[in-house]
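K.L.:
predicted model follows, preceded by the sequence.
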Amino acid sequence: DAGVIQSPRHEVTEMGQEVTLRCKPISGHNSLFWYRQTMMRGLELLIYFNNNVPIDDSGMPEDRFSAKMPNASFSTLKIQPSEPRDSAVYFCASSPTGTNYGYTFGSGTRLTVV
Amino acid sequence: SQQGEEDPQALSIQEGENATMNCSYKTSINNLQWYRQNSGRGLVHLILIRSNEREKHSGRLRVTLDTSKKSSSLLITASRAADTASYFCATKQRAGSYQLTFGKGTKLSVIP
């Protein structure tokens, strides 16, 4: 298995532009998570999907953020419009459903909004 | 919100020495996990210890858990330069919970 695949690896965009981050989880993993990592706040859970259904989006910072999972092998995180404070590394992770499993993380997307 | 707090924030050791990192948490847990993150990469799951376990080994890694003190430690024996990374503890609070809450990590530097 190629692991969790995220694209793009790096994204530089201007303030106000729309940004779309993509994730392909590991086949057979029913749980998918989007995290954001910054120096100040560490790793923050943005949204959690189970069986393609959003279960908890309480970590999504604002209405400018939205996430979808149209099928078991693909998820997107969209920011519209983007702002400089959205600059961070965004990680997607997947795991089998259940308590005693670790997460498999993708390599992340480093987003810079100028 | 941060559930786990790692200590120290940074650690620098010589190759061949042992490295010990600690994690404290605030509320009862179902399990505790340790992850490694190399610079510019995603997190890699190292080991999971359940609340009813006290110690677990995986290769050069040894994890202990003391639920009475709400703390865990990660020991890396005979460290190598390739162990240079940030190490995070993460807690899952109850059975059936999906929420894995991460600390801010310990940055380990192993000097060749």
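P.N.:
Yep, it's here.
K.L.:
going forward, measure contacts and count neighbours with C-alpha atoms only.
P.N.:
Will do.
K.L.:
show the contacting residues for B:Leu74.
P.N.:
B:Leu74 makes contacts with B:Ala19, B:Thr20, B:Met21, B:Asn22, B:Trp34, B:Leu61, B:Arg62, B:Val63, B:Thr64, as judged by C-alpha atoms under 8 Å, 6 or more residues apart in numbering or on different chains.
K.L.:
mind telling me which residue of chain A is nearest chain B?
P.N.:
A:Ser107 (4.3 Å; C-alpha to the nearest C-alpha).
K.L.:
how many other residues sit next to that residue?
P.N.:
24 (other C-alpha atoms under 10 Å in any protein chain shown).
K.L.:
quick one: which helix or strand includes it?
P.N.:
Using DSSP states H and E, A:Ser107 sits in no helix or strand.
K.L.:
hang on, the earlier thing: going by distance to A:Tyr90, which of the contacts of B:Leu74 wins?
P.N.:
Closest approach between the contacts of B:Leu74 and A:Tyr90, by C-alpha to C-alpha: B:Trp34, at 19.6 Å.
K.L.:
state the distance from the closest one to chain A.
P.N.:
The gap separating B:Trp34 from chain A is 9 Å, by C-alpha to the nearest C-alpha, to the nearest Å.
K.L.:
how much space separates the closest residue to that residue other than its chain neighbours from B:Glu53?
P.N.:
Leaving aside its chain neighbours, B:Trp34 sits nearest to B:Cys89 (4.5 Å; criterion: C-alpha to C-alpha, 6 or more residues apart in numbering or on different chains). Distance of B:Cys89 to B:Glu53, computed by C-alpha to C-alpha, to the nearest Å: 16 Å.
K.L.:
list the contacts for the residue lying closest to the residue of chain A closest to chain B once chain neighbours are set aside?
P.N.:
Nearest non-adjacent residue to A:Ser107, counting by C-alpha to C-alpha, 6+ apart: B:Gly42, 4.3 Å away. Contact analysis of B:Gly42 by C-alpha under 8 Å, 6+ apart lists A:Phe91, A:Phe105, A:Gly106, A:Ser107, A:Gly108.
K.L.:
show me what the helix or strand harbouring A:Ile47 is packed up against.
P.N.:
Assessed by DSSP H and E, A:Ile47 sits inside strand A:42-50. If you count contacts as 3 or more C-alpha pairs under 8 Å, 6 or more residues apart in numbering or on different chains; DSSP states H and E, strand A:42-50 packs onto strand A:31-38, strand A:53-56, strand B:100-102.
K.L.:
what's the angle from it to strand A:31-38?
P.N.:
160 degrees (axes from the mean of the first three to the mean of the last three C-alpha atoms, to 10 degrees).
K.L.:
chain B against chain A: which residues are in contact?
P.N.:
Proximity of chain B to chain A, by C-alpha under 8 Å from any C-alpha of the partner chain, involves residues B:1, B:30-31, B:33, B:40-45, B:47-48, B:50, B:92, B:94-98, B:102-104.
K.L.:
in strands, which of these fall?
P.N.:
Among the residues of chain B next to chain A, the members falling in strands (DSSP state E) are B:Asn31, B:Gln33, B:Leu43, B:Val44, B:His45, B:Ile47, B:Leu48, B:Arg50, B:Lys92, B:Phe102.
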